[in-house]
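# Take a look and give me a structure for this.
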Amino acid sequence: MRFCDSIFGRLLKPLSRGQLAATVSRHDGDAYDKVFKSWDHLVALVFAQLAGIDSLRSLQAVWNANAHHHYHLGVGRLARSTLADASARRPVAIFAETFERLSGQADRTLKREGAQMLRLIDSTPIPLDQLVGWAAWNGRTRGLKLHVVYDPGADHPRQLAITPANVNDVTPGRQFPIEAGATYVFDKAYCSYAWWTRLHDEGALFVTRQKVSAQFRVTRWRRPRKCRGDGFTVIEDAEVKLVSKGDSKLAIPMRRVRVRRDDGSKLTLITNDLKRSAVEIAALYKARWQIELLFRWIKQHLKLRKFLGRSENAIRLQILAAMIAYLLLRIAARESRLVMPAIRFAGLVA
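Next up is the predicted model:
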């Protein structure tokens, strides 16, 4: 009988087994699991995400019921004890580097011609309050944080980091690589004058909210060419300079844009972009909510509320598998030229 690839097999096509094998060798990822290798592990966790499975027992039953399909993927039957042991000790770096390679591939596949280089940075909590005792407490929740650099033009996360819940957002933000020519948009949790200076020096622009405690002095008023935007009105545009407090220094050209939203609330934005209009600056910050929609979609349609293991290593692996599954869905939808909503496509795959 002629072999016919499964839907799951076709979704996994962008994952290179050769590159994964090199990563596994570099991190000695199969040192303790000679039979259940890193490829088997990755495929099983991605399968659980796409199929909507949230327990080891269910994963074992559904996986083994379709073993004739998985044979052609180079994986065998699954035992939940084997998966649990592997999740507790397999190096997280293997899945992290796999995500980075896939993200680079998705960038080439999903990139839109003429789209501006816009990067949104934000984090979302992964609550583990009633699941584990080792998770850090940040005053509101106990668990981990998922930090993401998101490209809204291509609709895919470019970089990510997973930290304890009590780590400040700006800490992993400073560690993400900077792309010259890109515009980074983030909220006031990412206030670091040294990082802002580095963004500017490396040829990037940024737009953020001004912290209440920060004081800026106007050096030049600018007359907005257009005041009305989508859902807001520009009420002030000025070039400013930081009024130094102690050792705080910000020796780069800065600009302050104040807007009034249609609901009456006001926002004060700070940027190093002196060329775009004030309306464009405000519209860029408004676009930041697209990353909130990404977080909501991931939490609603991938498995980040229930976990297949309770160790920190197992939970980090599952989060990375969820993000890899998201990229695989985005690549498959674009290559198939589908016009249906992402939610509908994910449901059909499941």
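
# Just the element for the closest residue to S16 other than its chain neighbours, please.
Leaving aside its sequence neighbours, S16 sits nearest to R101 (Cβ to Cβ, 6 or more residues apart in numbering; 7.3 Å). In short, each C-beta sits where N, CA and C put it, glycine included. Assigned by DSSP states H and E, R101 belongs to helix 92-110.

# Regarding the residue nearest to K306 when sequence neighbours are not counted, what is its secondary structure?
Leaving aside its chain neighbours, K306 sits nearest to D54 (4.0 Å; criterion: Cβ to Cβ, 6+ apart). Put simply, D54 is coil when judged by DSSP: H, G, I helix; E, B strand; the rest coil.

# Same question for the one 4 residues further on.
Following three-state DSSP, we place S58 in the helix state.

# Could you check how far it is from L329?
21 Å (Cβ to Cβ, to the nearest Å).

# repeat for W195
Per Cβ to Cβ, W195 is found 32 Å from L329.

# again with I281
33 Å.

# Neighbour count: those two, which is higher?
I281 (26 against 20; other Cβ atoms under 10 Å).

# where's the more buried one, which helix or strand?
In this assignment (DSSP H and E), I281 forms part of helix 278-286.

# ok, now T197?
helix 193-201.

# distance between that helix and the chain's centre?
Relative to its parent chain, helix 193-201 has a centroid offset of 22 Å by Cα atoms, centre = their mean, to the nearest Å.

# count of neighbours near the spatially closest residue to I324 that is not a sequence neighbour?
Using Cβ to Cβ, 6+ apart and skipping the chain neighbours, the partner closest in space to I324 is F99 (5.4 Å). If you count neighbours by other Cβ under 10 Å, F99 ends up with 20.

# so what's F99 up against?
L160, L320, M323, I324, L327 (Cβ atoms under 8 Å, 6 or more residues apart in numbering).

# what does L317 give?
H41, L45, S87, R90, V92, F95, G309.

# Name the residues that touch the helix holding I281?
Taking Cβ under 8 Å, 6+ apart as the rule, helix 278-286 contacts 118, 183, 185, 207-209, 222, 224, 226-232, 234, 237, 255, 257, 259, 267, 269, 271, 273, 276.

# Buried among those residues? Make that a PyMOL selection.
If you want just the buried ones from these in PyMOL, going by 16 or more other Cβ atoms under 10 Å, the selection is:
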select buried, resi 118+183+185+207+208+209+222+227+229+232+234+237+255+257+259+269+271+273+276
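
# distance of I94 from I298?
21 Å.

# ok, now A135?
From A135 to I298 the distance is 19 Å (Cβ to Cβ).

# Tell me where the stretch 201-350 of the chain has strands.
For the stretch 201-350 of the chain, the strands defined by DSSP state E, counting those that start in this stretch cover 205-209, 216-221, 228-229, 232-242, 254-261, 266-271.
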